[in-house]
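> need a structure here:
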Amino acid sequence: MFSSYRNLSARLGRIGLLSALGALLVAGLLTACSSSNSSEPAGSSVAASSPEVTASSSSESVPSPAAEPSAAPAYPQTFQDELGHEVKLPAVPVKIFAPGMEDSLLVLGVKPTAQWANGDIVPVYLQEQLGDVAKADFSAGLPTPEVVASYKPDLIVLGNSYYADNGVYEQYAKIAPTYAFKQSSSDLNGSLRKLGELLGKLQEAEQALSDYQRKVEEARIKLAPVAEGKKAVIIRMNDRGIFLMGGDYYGGYVLAQDLGFSKIKFVEKESSADLSLEMLPELDADYIFIANHAGTGDAFLKELESSPLWRNLPAVKEDRVFKIANDAWLNGGLIAGGNVIDEVVELLAP
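A predicted model of the protein is given here:
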């Protein structure tokens, strides 16, 4: 902190001019030293418990420096969310309820007050950090206001507009300031930056994005010989059927946007599409990744693999089909994206 001089003249009133000048010189030198030692903002950087999202550096590369913590913003602050609501934050939020955005919170070093769950199913890839966090069950719809209030949040973040429908936003906003995105998963970079703004951690968000981009660039170099001009697709299955994942979200986004694989024609302009056995002869993928959600699609997987149409696919004949157990492929965020990148590199360019 810089020294204050307001009472200096009073303290120096009875000493000679020479002594006063000497005291001022010493004070000036001490102030300069203090200024030099306070060049880094106070506070801590991303918590040590936050997951690793930086790219793996080769022995010859120089790792990027750790992000300096964001300077504490002044409060109260007012934001306008993507649905037009005015959101007033009286102080920096500490207890955050942001179902489906836990990945991004952890990147910023923030553990949520509760995590999204579908019954007992939670994002397994985050449980090392979230194993002790309460589960907010979405299997029957959004949690009631009473359940949300029990988590005692001081900020609620709704990751998509339909979470805010049917009066839910108004009910949640009575519990705590509530910020709603139109669709956070369609712009992970933008939604992470906005979370950083809301939580006073924009600098941490920018550093995490920079590290992730470095990871993407390194992976592209490794994958170039096997990925250039090739098409990849994720076949997702659960207890409701078999689906093709497009390149707009989750693992499909990583394949198409980050790693540069081309899209197959069924999802070239679509976010997803149902897959039937009759469509298999036209499945023009060089690489196929199968994501069986928590084993709930076992019956459909058996049906698919027993079909002669499936066995005749070039990707199947040439062993370019990979079963993905890591549920990061079905979730969004820099941690999920980093897991997908690591797995693709390991499978295709070990």
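
> Correct me if wrong, but Arg236 is in a strand.
Yes. Assigned with DSSP: H, G, I helix; E, B strand; the rest coil, Arg236 falls within a strand.

> so Tyr179 is in which element?
Element membership for Tyr179 (DSSP states H and E) is strand 178-180.

> List the strands paired with that strand, with their directions.
strand 155-158 (parallel) (DSSP bridges).

> centre of the chain versus the partner strand, how much separation?
Here strand 155-158 is found 15 Å from its chain centre; the criterion is CA atoms, centre = their mean, to the nearest Å.

> The stretch 101-250 of the chain: strands as residue ranges?
115-117, 135-137, 155-158, 178-180, 232-238, 241-245 (DSSP state E, counting those that start in this stretch).

> List of residues touching the first one?
Read that as strand 115-117. Residues from elsewhere that reach strand 115-117 (CB atoms under 8 Å, 6 or more residues apart in numbering): 99-100, 102, 122-123, 126, 130, 133-139. Using the backbone N, CA and C atoms, a C-beta is placed for each residue, glycine as well.

> sorry, back to before: give me the contacts around the strand holding Tyr179.
Residues from elsewhere that reach strand 178-180 (CB under 8 Å, 6+ apart): 79, 81-83, 85, 87, 155-158, 161, 163-164, 169, 172, 194, 198.

> any idea how far it is from the chain center?
On CA atoms, centre = their mean, the centre of strand 178-180 falls 17 Å from that of its chain.

> do stretch 285-302 as well
That offset, for stretch 285-302, works out to 25 Å (CA atoms, centre = their mean).

> Over to stretch 87-95?
Using CA atoms, centre = their mean, the offset of stretch 87-95 from its chain centre is 20 Å.

> Likewise for stretch 237-255?
18 Å.

> What are the buried residues along that stretch?
By 16 or more other CB atoms under 10 Å, the buried positions in stretch 237-255 come out as 237-238, 242-255.

> With respect to Lys111, which of those residues is nearest?
Nearest to Lys111 out of the buried residues of stretch 237-255 is Tyr250 (CB to CB; 22.4 Å).

> The closest one against Gly333, yeah?
No. Checked against CB atoms under 8 Å, the pair Tyr250 and Gly333 is beyond contact range at 9.4 Å.

> Could you list the low-confidence segments of this structure?
1-73 (pLDDT under 70).

> Can you tell me which helices and strands the helix ranked longest in it packs against?
When the chain is scanned for its longest helix (criterion: DSSP state H), the result is helix 202-227. Counting contacts by 3 or more CB pairs under 8 Å, 6 or more residues apart in numbering; DSSP states H and E, helix 202-227 is packed against helix 102-107, helix 188-198, helix 334-348.

> Report how many residues lie close to Glu346.
Neighbour count of Glu346, defined by other CB atoms under 10 Å: 9.

> Also Asp319?
Applying other CB under 10 Å, we find 7 other residues in the vicinity of Asp319.

> Helix, strand, or coil at it?
When classified by three-state DSSP, Asp319 comes out as coil.

> which residues touch it?
Contacts of Asp319 (CB under 8 Å, 6+ apart): none.

> Adding distance to Ser186, write the strands of the stretch 101-250 of the chain out as a markdown table.
Formatted as a markdown table, the strands of the stretch 101-250 of the chain follow (distance: least, CB to CB, whole Å):
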| stretch | distance to Ser186 |
| --- | --- |
| strand 115-117 | 17 |
| strand 135-137 | 22 |
| strand 155-158 | 14 |
| strand 178-180 | 14 |
| strand 232-238 | 17 |
| strand 241-245 | 14 |
